[in-house]
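K.L.:
Have a look at this prediction, sequence included:
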Amino acid sequence: MRRSLRGLVLLVAIAAFYPGAALAAGCTTAPGGRVTLLSDAVDPDVFLWDSSDRLIDYAAGSWGNTRAIFAHTVLIEPTTEAMVVSCFPGVAHPKFASGDEDAIRVKILKGPYKGRYGWILSSDAHVAHPTGQSMGNLPASHS
């Protein structure tokens, strides 16, 4: 009993001081992990959103107009490298896809937006190989 109480206290302390670890428990990518950004084969660019709430609304099919989208996003080129900062598991409910997705906060590591932070869907994050290549489903033109 005493040992399990200590373990619980330790777990709560870790979650309090390292919230990214607690938030990422159910996520497909962990904070600190490197990912390659890539949407789908038809349109591989990725929207980098300025807030998780706007990303979640967009995924659900609620976004006003094109001007509103571009006011709150940056269009990231396919295969741009990023680092996962935090993750909220299963909070995005895409209108035109089955299943829930994670909202992932990333920091862009290369390219014209290097150093910029923003939010993406987990379907746009592909775990990078140590060689720098993505393990995700790259379109034929990027493999």
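P.N.:
That came through fine.

K.L.:
How about C87, nearest residue that isn't a chain neighbour?
P.N.:
C27 (3.7 Å; CB to CB, 6 or more residues apart in numbering). For the C-beta atoms, the positions are set from N, CA and C on the backbone; glycine is no exception.

K.L.:
That should have said L38, apologies.
P.N.:
Take L38 and drop its neighbours on the chain: the residue closest to it by CB to CB, 6+ apart is P78, 4.8 Å away.

K.L.:
do the same with A125
P.N.:
V35 (4.1 Å).

K.L.:
Neighbouring strands - and their directions - for the helix or strand containing that neighbour?
P.N.:
Secondary structure assignment for V35, by DSSP states H and E: strand 34-37. According to DSSP bridges, strand 34-37 forms sheet pairs with strand 80-92 (antiparallel), strand 125-127 (antiparallel).

K.L.:
okay, those in a markdown table with mean neighbour count, mean pLDDT and distance to N65 next?
P.N.:
Converted to a markdown table, the strands paired with strand 34-37 look like this (neighbours: other CB atoms under 10 Å; pLDDT from 0 to 100; distance: least, CB to CB, whole Å):
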| stretch | mean neighbour count | mean pLDDT | distance to N65 |
| --- | --- | --- | --- |
| strand 80-92 | 20 | 97 | 20 |
| strand 125-127 | 21 | 93 | 27 |
